[in-house]
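Colleague: Take a look and give me a structure for this.
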Amino acid sequence: MSSNSPVDVEVVQALSLATLHMKPLLPNIEHLSWSYGLTSMEVERLMLHSIPLFLAPKLVSLSIALVNVSDTTSLSVFSSLANFCPALKDLNFPIHDENFNEEHRRTISSAVCQWKGLQSVRVIDLTLEALKHLATIPSLQTLSFNSLSGATRTYDERLSITIRNCARGYPALRSLSISCRTMEMAIAFAQLLSSSPVEELGIRVKYRCYPPAWRELFRTISRHLNVTSLKRLVLEETRDILGDLQLVHSEIELDALTVFSNVRIVRIQPSFGIPLTSDTANRLAVAWPLIEHLELGTGCPPSKTIITPRDLIPFARYCPKLQTLGIVFDARSVNLRSLKPDGGPFSKSLKSLSVGDSPIDDPNLVVAFLSGIFPTIISVAAACSRDLPI
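Modeller: Model prediction:
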(Lines give C-alpha, C1' and ligand atoms only; values in the text may rest on other atoms or scores of the structure.)
Protein backbone atom coordinates (compact mmCIF):
# COMPACT_ATOMS: atom_id res chain seq x y z
CA MET A 1 0.00 0.00 0.00
CA SER A 2 1.27 3.46 -0.88
CA SER A 3 2.23 5.70 1.98
CA ASN A 4 0.08 8.42 0.45
CA SER A 5 -3.03 6.26 0.35
CA PRO A 6 -6.08 7.59 2.21
CA VAL A 7 -7.58 4.09 2.32
CA ASP A 8 -7.84 2.35 5.70
CA VAL A 9 -6.61 -1.20 5.07
CA GLU A 10 -8.36 -2.61 8.13
CA VAL A 11 -11.69 -1.25 6.92
CA VAL A 12 -11.10 -2.80 3.51
CA GLN A 13 -10.27 -6.15 5.06
CA ALA A 14 -13.41 -6.01 7.21
CA LEU A 15 -15.49 -5.31 4.10
CA SER A 16 -13.86 -8.24 2.34
CA LEU A 17 -14.92 -10.56 5.17
CA ALA A 18 -18.43 -9.13 5.08
CA THR A 19 -18.80 -10.16 1.43
CA LEU A 20 -19.03 -13.75 2.64
CA HIS A 21 -22.56 -12.97 3.84
CA MET A 22 -23.42 -11.03 0.67
CA LYS A 23 -26.12 -8.87 2.23
CA PRO A 24 -26.32 -5.27 0.97
CA LEU A 25 -25.29 -2.74 3.58
CA LEU A 26 -27.54 -0.11 2.00
CA PRO A 27 -30.58 -1.94 0.57
CA ASN A 28 -32.32 1.28 -0.51
CA ILE A 29 -29.35 2.93 -2.22
CA GLU A 30 -30.11 4.39 -5.68
CA HIS A 31 -26.85 6.10 -6.68
CA LEU A 32 -23.30 4.80 -6.16
CA SER A 33 -20.00 6.38 -7.19
CA TRP A 34 -17.02 4.11 -6.42
CA SER A 35 -13.61 5.80 -6.54
CA TYR A 36 -10.60 6.39 -4.34
CA GLY A 37 -7.24 8.10 -4.29
CA LEU A 38 -3.74 6.73 -4.66
CA THR A 39 -3.52 3.15 -3.41
CA SER A 40 -1.82 -0.15 -4.11
CA MET A 41 -3.08 -2.74 -6.57
CA GLU A 42 -3.77 -5.19 -3.75
CA VAL A 43 -5.96 -2.71 -1.85
CA GLU A 44 -7.78 -1.80 -5.02
CA ARG A 45 -8.50 -5.47 -5.68
CA LEU A 46 -9.91 -5.89 -2.16
CA MET A 47 -12.07 -2.83 -2.59
CA LEU A 48 -13.41 -4.06 -5.90
CA HIS A 49 -14.50 -7.32 -4.33
CA SER A 50 -16.35 -5.28 -1.68
CA ILE A 51 -18.56 -3.54 -4.24
CA PRO A 52 -21.41 -6.13 -4.05
CA LEU A 53 -22.02 -5.03 -0.46
CA PHE A 54 -23.15 -1.65 -1.75
CA LEU A 55 -25.25 -2.88 -4.66
CA ALA A 56 -29.00 -3.16 -4.28
CA PRO A 57 -32.10 -3.81 -6.42
CA LYS A 58 -33.06 -0.10 -6.36
CA LEU A 59 -29.71 1.10 -7.68
CA VAL A 60 -30.19 3.14 -10.89
CA SER A 61 -26.83 4.93 -11.21
CA LEU A 62 -23.41 3.25 -10.90
CA SER A 63 -19.93 4.68 -11.49
CA ILE A 64 -16.79 2.62 -10.85
CA ALA A 65 -13.45 4.36 -11.40
CA LEU A 66 -10.36 2.17 -11.76
CA VAL A 67 -6.67 3.01 -11.80
CA ASN A 68 -4.96 -0.38 -11.72
CA VAL A 69 -6.44 -3.00 -14.06
CA SER A 70 -3.34 -4.94 -15.06
CA ASP A 71 -4.64 -7.90 -13.02
CA THR A 72 -7.65 -9.21 -14.94
CA THR A 73 -8.96 -11.11 -11.93
CA SER A 74 -9.68 -7.78 -10.26
CA LEU A 75 -12.41 -7.22 -12.85
CA SER A 76 -14.21 -10.50 -12.12
CA VAL A 77 -16.73 -8.63 -9.99
CA PHE A 78 -18.15 -7.06 -13.17
CA SER A 79 -19.49 -10.42 -14.35
CA SER A 80 -22.29 -10.47 -11.75
CA LEU A 81 -23.22 -6.79 -11.45
CA ALA A 82 -26.62 -7.23 -13.09
CA ASN A 83 -27.60 -9.82 -10.49
CA PHE A 84 -27.31 -7.20 -7.76
CA CYS A 85 -28.75 -4.15 -9.55
CA PRO A 86 -31.11 -5.25 -12.35
CA ALA A 87 -32.81 -1.82 -12.54
CA LEU A 88 -29.63 0.08 -13.46
CA LYS A 89 -30.09 2.96 -15.91
CA ASP A 90 -26.83 4.94 -15.77
CA LEU A 91 -23.52 3.07 -16.12
CA ASN A 92 -20.11 4.76 -15.95
CA PHE A 93 -16.79 2.86 -16.02
CA PRO A 94 -13.92 5.40 -16.20
CA ILE A 95 -10.64 3.51 -16.31
CA HIS A 96 -7.33 5.39 -16.18
CA ASP A 97 -4.71 2.82 -17.02
CA GLU A 98 -2.45 2.64 -20.05
CA ASN A 99 -2.38 -1.15 -19.61
CA PHE A 100 -6.03 -1.47 -20.62
CA ASN A 101 -6.07 -4.33 -23.13
CA GLU A 102 -8.32 -6.61 -25.18
CA GLU A 103 -9.17 -8.87 -22.25
CA HIS A 104 -10.22 -5.91 -20.12
CA ARG A 105 -12.31 -4.58 -23.00
CA ARG A 106 -14.14 -7.88 -23.31
CA THR A 107 -14.79 -8.03 -19.57
CA ILE A 108 -16.29 -4.54 -19.53
CA SER A 109 -18.29 -5.27 -22.69
CA SER A 110 -19.68 -8.46 -21.19
CA ALA A 111 -20.84 -6.51 -18.15
CA VAL A 112 -22.57 -3.88 -20.32
CA CYS A 113 -24.45 -6.60 -22.19
CA GLN A 114 -26.13 -7.76 -18.97
CA TRP A 115 -28.66 -4.91 -19.00
CA LYS A 116 -31.47 -4.23 -21.44
CA GLY A 117 -32.88 -1.02 -19.98
CA LEU A 118 -29.84 1.26 -19.84
CA GLN A 119 -30.29 4.96 -20.57
CA SER A 120 -26.68 6.14 -20.31
CA VAL A 121 -23.34 4.35 -20.88
CA ARG A 122 -19.87 5.89 -20.49
CA VAL A 123 -16.91 3.53 -20.88
CA ILE A 124 -13.37 3.48 -22.25
CA ASP A 125 -13.93 0.89 -24.97
CA LEU A 126 -16.37 -1.77 -26.18
CA THR A 127 -16.44 -4.80 -28.45
CA LEU A 128 -18.56 -4.95 -31.58
CA GLU A 129 -20.92 -7.36 -29.80
CA ALA A 130 -21.49 -4.82 -27.02
CA LEU A 131 -22.12 -2.03 -29.52
CA LYS A 132 -24.64 -4.21 -31.33
CA HIS A 133 -26.35 -4.99 -28.02
CA LEU A 134 -26.58 -1.31 -27.11
CA ALA A 135 -27.98 -0.56 -30.56
CA THR A 136 -31.04 -2.68 -29.71
CA ILE A 137 -31.82 -0.98 -26.39
CA PRO A 138 -34.85 1.28 -26.98
CA SER A 139 -34.14 3.41 -23.89
CA LEU A 140 -30.45 4.25 -24.49
CA GLN A 141 -30.04 8.03 -24.80
CA THR A 142 -26.36 8.69 -24.00
CA LEU A 143 -23.28 6.81 -25.21
CA SER A 144 -19.67 7.84 -24.70
CA PHE A 145 -16.49 5.84 -25.18
CA ASN A 146 -12.88 6.81 -25.75
CA SER A 147 -11.59 4.26 -28.19
CA LEU A 148 -12.85 2.23 -31.10
CA SER A 149 -9.81 -0.01 -31.35
CA GLY A 150 -11.20 -3.30 -32.53
CA ALA A 151 -14.81 -2.27 -32.12
CA THR A 152 -15.59 -2.05 -35.81
CA ARG A 153 -12.45 -3.61 -37.26
CA THR A 154 -9.89 -6.12 -36.14
CA TYR A 155 -6.55 -5.08 -34.72
CA ASP A 156 -4.98 -5.84 -38.09
CA GLU A 157 -5.26 -2.43 -39.78
CA ARG A 158 -4.78 -4.04 -43.19
CA LEU A 159 -8.17 -5.73 -43.01
CA SER A 160 -11.33 -4.01 -44.15
CA ILE A 161 -13.89 -2.56 -41.79
CA THR A 162 -16.72 -4.85 -40.79
CA ILE A 163 -20.14 -3.21 -41.00
CA ARG A 164 -23.21 -4.83 -39.49
CA ASN A 165 -26.19 -2.58 -39.83
CA CYS A 166 -29.03 -2.80 -37.34
CA ALA A 167 -32.61 -2.42 -38.53
CA ARG A 168 -33.23 0.28 -35.93
CA GLY A 169 -29.81 0.97 -34.47
CA TYR A 170 -29.83 3.25 -31.40
CA PRO A 171 -33.47 4.39 -31.82
CA ALA A 172 -33.45 6.75 -28.81
CA LEU A 173 -29.83 7.95 -28.77
CA ARG A 174 -29.57 11.69 -28.12
CA SER A 175 -25.95 12.21 -27.07
CA LEU A 176 -23.02 10.44 -28.73
CA SER A 177 -19.34 11.07 -28.00
CA ILE A 178 -16.58 8.88 -29.41
CA SER A 179 -12.83 9.15 -29.76
CA CYS A 180 -10.97 6.83 -32.12
CA ARG A 181 -7.72 6.36 -33.99
CA THR A 182 -8.87 6.73 -37.60
CA MET A 183 -11.73 8.36 -39.46
CA GLU A 184 -12.64 5.00 -41.01
CA MET A 185 -13.53 3.68 -37.55
CA ALA A 186 -15.77 6.68 -36.85
CA ILE A 187 -17.54 6.18 -40.18
CA ALA A 188 -18.04 2.49 -39.46
CA PHE A 189 -19.72 3.22 -36.14
CA ALA A 190 -21.91 5.96 -37.65
CA GLN A 191 -23.22 3.37 -40.08
CA LEU A 192 -24.69 1.45 -37.13
CA LEU A 193 -27.07 4.35 -36.50
CA SER A 194 -30.51 4.40 -38.08
CA SER A 195 -32.21 7.80 -38.15
CA SER A 196 -31.15 8.18 -34.54
CA PRO A 197 -32.50 11.37 -32.89
CA VAL A 198 -29.01 12.52 -31.84
CA GLU A 199 -28.96 16.07 -30.49
CA GLU A 200 -25.27 16.18 -29.53
CA LEU A 201 -22.58 14.49 -31.62
CA GLY A 202 -18.87 14.62 -30.86
CA ILE A 203 -16.24 12.70 -32.85
CA ARG A 204 -12.53 13.10 -32.19
CA VAL A 205 -9.97 11.32 -34.37
CA LYS A 206 -6.34 10.80 -33.37
CA TYR A 207 -4.65 10.14 -36.70
CA ARG A 208 -4.46 12.39 -39.74
CA CYS A 209 -7.51 12.44 -42.02
CA TYR A 210 -7.54 13.48 -45.67
CA PRO A 211 -10.44 15.27 -47.44
CA PRO A 212 -12.03 12.09 -48.92
CA ALA A 213 -12.44 10.61 -45.41
CA TRP A 214 -13.97 13.84 -44.09
CA ARG A 215 -16.39 13.96 -47.02
CA GLU A 216 -17.44 10.35 -46.37
CA LEU A 217 -18.01 11.12 -42.68
CA PHE A 218 -20.24 14.08 -43.54
CA ARG A 219 -22.27 12.00 -45.98
CA THR A 220 -22.58 9.14 -43.48
CA ILE A 221 -23.90 11.17 -40.57
CA SER A 222 -26.29 13.04 -42.87
CA ARG A 223 -27.77 9.68 -43.92
CA HIS A 224 -27.85 7.98 -40.52
CA LEU A 225 -29.00 10.75 -38.17
CA ASN A 226 -32.38 12.39 -37.83
CA VAL A 227 -31.71 15.67 -39.64
CA THR A 228 -34.10 17.74 -37.50
CA SER A 229 -32.72 16.61 -34.13
CA LEU A 230 -29.05 17.60 -34.27
CA LYS A 231 -28.23 20.70 -32.20
CA ARG A 232 -24.51 20.34 -31.43
CA LEU A 233 -21.86 18.99 -33.82
CA VAL A 234 -18.15 18.69 -32.94
CA LEU A 235 -15.81 16.94 -35.40
CA GLU A 236 -12.07 17.33 -34.96
CA GLU A 237 -8.63 15.80 -35.22
CA THR A 238 -6.57 15.78 -32.06
CA ARG A 239 -3.09 15.55 -33.59
CA ASP A 240 -1.33 18.14 -35.72
CA ILE A 241 -0.74 17.24 -39.34
CA LEU A 242 2.69 16.08 -40.49
CA GLY A 243 3.93 16.32 -44.03
CA ASP A 244 3.16 18.48 -47.03
CA LEU A 245 0.00 20.56 -46.76
CA GLN A 246 -0.09 20.77 -50.56
CA LEU A 247 -1.32 17.17 -50.55
CA VAL A 248 -4.61 18.15 -48.95
CA HIS A 249 -5.48 21.29 -50.88
CA SER A 250 -8.99 20.26 -51.84
CA GLU A 251 -12.35 21.29 -50.44
CA ILE A 252 -13.89 18.84 -47.98
CA GLU A 253 -17.41 19.74 -49.20
CA LEU A 254 -19.46 20.70 -46.17
CA ASP A 255 -22.65 20.74 -48.25
CA ALA A 256 -23.77 17.35 -46.90
CA LEU A 257 -24.15 18.97 -43.47
CA THR A 258 -26.63 21.59 -44.67
CA VAL A 259 -29.46 19.10 -44.05
CA PHE A 260 -29.10 19.75 -40.29
CA SER A 261 -31.18 22.92 -40.29
CA ASN A 262 -31.58 23.15 -36.50
CA VAL A 263 -27.93 23.11 -35.42
CA ARG A 264 -26.90 25.64 -32.78
CA ILE A 265 -23.23 24.74 -32.31
CA VAL A 266 -20.85 23.53 -35.04
CA ARG A 267 -17.13 22.99 -34.55
CA ILE A 268 -15.21 21.31 -37.39
CA GLN A 269 -11.42 21.25 -37.09
CA PRO A 270 -9.51 19.17 -39.66
CA SER A 271 -5.76 19.31 -39.13
CA PHE A 272 -5.29 20.86 -42.58
CA GLY A 273 -8.00 23.51 -42.26
CA ILE A 274 -11.08 24.11 -44.37
CA PRO A 275 -10.54 25.83 -47.74
CA LEU A 276 -14.03 27.30 -48.08
CA THR A 277 -15.44 28.76 -51.28
CA SER A 278 -17.78 31.75 -51.48
CA ASP A 279 -20.56 29.44 -52.64
CA THR A 280 -20.17 27.06 -49.70
CA ALA A 281 -20.02 29.89 -47.15
CA ASN A 282 -23.29 31.28 -48.50
CA ARG A 283 -25.04 27.88 -48.47
CA LEU A 284 -23.96 27.18 -44.89
CA ALA A 285 -25.25 30.54 -43.69
CA VAL A 286 -28.61 30.02 -45.38
CA ALA A 287 -28.93 26.42 -44.15
CA TRP A 288 -28.15 27.20 -40.49
CA PRO A 289 -30.43 30.10 -39.44
CA LEU A 290 -30.35 29.03 -35.76
CA ILE A 291 -26.56 28.75 -35.47
CA GLU A 292 -25.08 30.38 -32.35
CA HIS A 293 -21.46 29.20 -32.32
CA LEU A 294 -19.56 28.27 -35.48
CA GLU A 295 -15.88 27.26 -35.90
CA LEU A 296 -14.54 26.07 -39.23
CA GLY A 297 -10.87 25.14 -39.47
CA THR A 298 -9.34 27.90 -37.34
CA GLY A 299 -7.11 25.64 -35.26
CA CYS A 300 -4.41 25.17 -37.91
CA PRO A 301 -2.46 27.11 -40.56
CA PRO A 302 -4.58 28.06 -43.59
CA SER A 303 -4.26 25.58 -46.42
CA LYS A 304 -5.81 27.15 -49.50
CA THR A 305 -7.96 30.04 -48.37
CA ILE A 306 -10.41 31.10 -51.05
CA ILE A 307 -12.95 33.32 -49.31
CA THR A 308 -12.44 36.98 -48.48
CA PRO A 309 -13.92 39.16 -45.70
CA ARG A 310 -16.82 39.92 -48.00
CA ASP A 311 -17.87 36.24 -47.85
CA LEU A 312 -18.75 36.69 -44.19
CA ILE A 313 -21.71 38.86 -45.13
CA PRO A 314 -24.12 35.87 -45.49
CA PHE A 315 -23.42 34.90 -41.86
CA ALA A 316 -24.25 38.45 -40.77
CA ARG A 317 -27.40 38.47 -42.87
CA TYR A 318 -28.88 34.97 -42.45
CA CYS A 319 -27.70 33.95 -38.96
CA PRO A 320 -29.38 36.37 -36.53
CA LYS A 321 -28.46 34.31 -33.43
CA LEU A 322 -24.76 33.90 -34.23
CA GLN A 323 -22.68 34.90 -31.19
CA THR A 324 -19.19 33.54 -32.00
CA LEU A 325 -17.65 32.84 -35.39
CA GLY A 326 -14.32 31.19 -36.18
CA ILE A 327 -13.31 31.21 -39.83
CA VAL A 328 -10.21 31.75 -42.00
CA PHE A 329 -10.18 34.15 -44.95
CA ASP A 330 -7.70 35.94 -47.24
CA ALA A 331 -7.68 39.70 -46.81
CA ARG A 332 -4.73 40.36 -49.13
CA SER A 333 -6.33 40.06 -52.54
CA VAL A 334 -9.17 42.50 -51.95
CA ASN A 335 -9.10 46.28 -52.07
CA LEU A 336 -10.65 46.85 -48.66
CA ARG A 337 -10.72 50.62 -49.06
CA SER A 338 -13.30 50.29 -51.79
CA LEU A 339 -15.01 47.28 -50.24
CA LYS A 340 -18.23 48.25 -48.52
CA PRO A 341 -20.86 45.88 -47.14
CA ASP A 342 -24.07 45.50 -49.07
CA GLY A 343 -27.21 46.82 -47.44
CA GLY A 344 -28.34 45.17 -44.18
CA PRO A 345 -29.94 44.16 -41.99
CA PHE A 346 -26.87 42.64 -40.37
CA SER A 347 -26.31 40.57 -37.26
CA LYS A 348 -26.57 42.34 -33.91
CA SER A 349 -25.72 39.29 -31.81
CA LEU A 350 -22.15 38.40 -32.81
CA LYS A 351 -19.66 39.39 -30.11
CA SER A 352 -16.52 37.38 -30.88
CA LEU A 353 -14.71 36.55 -34.11
CA SER A 354 -11.68 34.25 -34.47
CA VAL A 355 -9.77 34.40 -37.75
CA GLY A 356 -6.97 31.90 -37.03
CA ASP A 357 -3.93 32.46 -39.26
CA SER A 358 -5.83 34.44 -41.87
CA PRO A 359 -3.39 36.39 -44.08
CA ILE A 360 -4.10 40.06 -43.34
CA ASP A 361 -2.07 43.00 -44.63
CA ASP A 362 -3.97 45.86 -43.00
CA PRO A 363 -5.71 44.84 -39.73
CA ASN A 364 -7.34 48.24 -39.29
CA LEU A 365 -9.11 48.10 -42.65
CA VAL A 366 -10.24 44.52 -41.98
CA VAL A 367 -11.66 45.43 -38.57
CA ALA A 368 -13.44 48.44 -40.03
CA PHE A 369 -15.17 46.23 -42.58
CA LEU A 370 -16.05 43.54 -40.04
CA SER A 371 -17.48 46.14 -37.66
CA GLY A 372 -19.75 47.25 -40.47
CA ILE A 373 -21.41 43.85 -40.86
CA PHE A 374 -21.11 42.84 -37.19
CA PRO A 375 -21.84 46.14 -35.38
CA THR A 376 -21.90 44.57 -31.89
CA ILE A 377 -18.57 42.77 -32.20
CA ILE A 378 -16.32 43.07 -29.14
CA SER A 379 -13.19 41.12 -30.08
CA VAL A 380 -11.39 39.81 -33.15
CA ALA A 381 -8.80 37.17 -32.24
CA ALA A 382 -6.05 35.89 -34.51
CA ALA A 383 -3.57 33.05 -34.02
CA CYS A 384 -0.63 33.39 -31.61
CA SER A 385 -2.54 35.90 -29.47
CA ARG A 386 -2.42 38.41 -32.30
CA ASP A 387 -5.68 40.17 -31.51
CA LEU A 388 -6.88 42.75 -33.98
CA PRO A 389 -7.81 46.24 -32.73
CA ILE A 390 -11.51 47.00 -32.36
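Colleague: From Ser79, how far off is Gln119?
Modeller: 22 Å (CB to CB, to the nearest Å). Bear in mind the C-beta positions are built from the backbone N, C-alpha and C, glycine included.
Colleague: just Ile51 next, same as before
Modeller: 12 Å.
Colleague: Please apply the same query to Lys348.
Modeller: For Lys348 relative to Ser79 (CB to CB), the value is 59 Å.
Colleague: Then His293?
Modeller: 44 Å.
Colleague: Which of those two has more residues huddled nearby?
Modeller: His293 (17 against 12; other CB atoms under 10 Å).
Colleague: Contact partners for that one?
Modeller: His293 sits next to 264-267, 322-324 when contact means CB atoms under 8 Å, 6 or more residues apart in numbering.
Colleague: Can you check what pLDDT the model gives it?
Modeller: We have a pLDDT of 98 for His293.
Colleague: The one 10 residues further on now?
Modeller: Looking at Ser303, its pLDDT is 56.
Colleague: What of the one 5 residues further on?
Modeller: Model confidence at Thr308, expressed as pLDDT, equals 89.
Colleague: On the three-state scheme, the nearest residue to it once chain neighbours are set aside is what?
Modeller: The shortest distance from Thr308 to any residue other than its chain neighbours is 4.7 Å, reached at Val334 (CB to CB, 6 or more residues apart in numbering). Assigned by DSSP: H, G, I helix; E, B strand; the rest coil, the conformation of Val334 is coil.
Colleague: Was I right to think Val334 contacts Arg310?
Modeller: Yes: at 6.8 Å, Val334 counts as touching Arg310 under the criterion of CB atoms under 8 Å.
Colleague: who's in contact with the longest helix seen in the chain?
Modeller: In the chain, with assignment by DSSP state H, the single longest helix is helix 211-224. Under the criterion CB under 8 Å, 6+ apart, residues 183-184, 186-187, 190-196, 201, 203, 235, 248, 250-254, 256-257, 259-260, 270, 272 lie in contact with helix 211-224.
Colleague: Just after it, pick out the following helix or strand.
Modeller: Using DSSP states H and E, the next helix or strand after helix 211-224 towards the C-terminus is strand 232-237.
Colleague: Partner strands of that next one, with direction?
Modeller: Each strand paired with strand 232-237, and its direction, by DSSP bridges: strand 200-205 (parallel), strand 265-269 (parallel).
Colleague: Export those as JSON lines, with columns for mean pLDDT and mean neighbour count.
Modeller: Below are these laid out as JSON lines (pLDDT from 0 to 100; neighbours: other CB atoms under 10 Å):
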{"stretch": "strand 200-205", "mean pLDDT": "96", "mean neighbour count": "20"}
{"stretch": "strand 265-269", "mean pLDDT": "96", "mean neighbour count": "19"}
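Colleague: Using CSV, lay out those strands together with distance to Pro57.
Modeller: Converted to CSV, those look like this (distance: least, CB to CB, whole Å):
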stretch, distance to Pro57
strand 200-205, 32
strand 265-269, 40
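Colleague: So for the helix or strand in which Val366 is found, what gets flagged as buried?
Modeller: According to DSSP H and E, Val366 maps onto helix 363-373. Neighbour counts over helix 363-373 (16 or more other CB atoms under 10 Å) mark 363, 365-367, 369-370, 372-373 as buried.
Colleague: Closest one of those to Ala287?
Modeller: Ile373 (19.1 Å; CB to CB).
Colleague: Check the contact between that closest one and Val366; I expect there is one.
Modeller: No: in this structure, Ile373 is not within contact of Val366 by CB under 8 Å, at 11.6 Å.
Colleague: can you list the weak-confidence ranges in the stretch 1-150 of the chain?
Modeller: Applying pLDDT under 70 to the stretch 1-150 of the chain flags the ranges 1-22, 36-44, 68-74, 96-99, 147-150.
Colleague: Now do the strands in this protein.
Modeller: 31-34, 61-64, 90-93, 120-123, 142-145, 175-180, 200-205, 232-237, 265-269, 293-296, 324-327, 352-354, 379-381 (DSSP state E).
Colleague: highest average neighbour count across those strands?
Modeller: strand 324-327 (a mean of 22; mean count of other CB atoms under 10 Å).
Colleague: just checking, what packs against it?
Modeller: Applying 3 or more CB pairs under 8 Å, 6 or more residues apart in numbering; DSSP states H and E, we find strand 324-327 packed against strand 293-296, strand 352-354.
Colleague: Looking at those, spot the one closest to Gln141.
Modeller: Relative to Gln141, the nearest member of the helices and strands packed on strand 324-327 by CB to CB is strand 293-296, separated by 23.2 Å.
Colleague: Mind listing the strands that closest one pairs with, and their directions?
Modeller: Strand 293-296 is paired, per DSSP bridges, with strand 265-269 (parallel), strand 324-327 (parallel).
Colleague: Distance to Leu128 for these - can I get that in JSON lines?
Modeller: Listed next are these as JSON lines, based on distance: least, CB to CB, whole Å:
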{"stretch": "strand 265-269", "distance to Leu128": "28"}
{"stretch": "strand 324-327", "distance to Leu128": "36"}
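Colleague: Would you mind saying which of those lies nearest Lys23?
Modeller: Of the strands paired with strand 293-296, nearest to Lys23 by CB to CB is strand 265-269, at 48.2 Å.
Colleague: and the angle from the closest one to helix 211-224?
Modeller: Between strand 265-269 and helix 211-224, the angle comes out at 150 degrees (axes from the mean of the first three to the mean of the last three CA atoms, to 10 degrees).
Colleague: Name all residues that make contact with Ala111.
Modeller: 78-79, 81-82, 93.
Colleague: Apply 6 Å and report the result again.
Modeller: 78, 81 (CB atoms under 6 Å, 6 or more residues apart in numbering).
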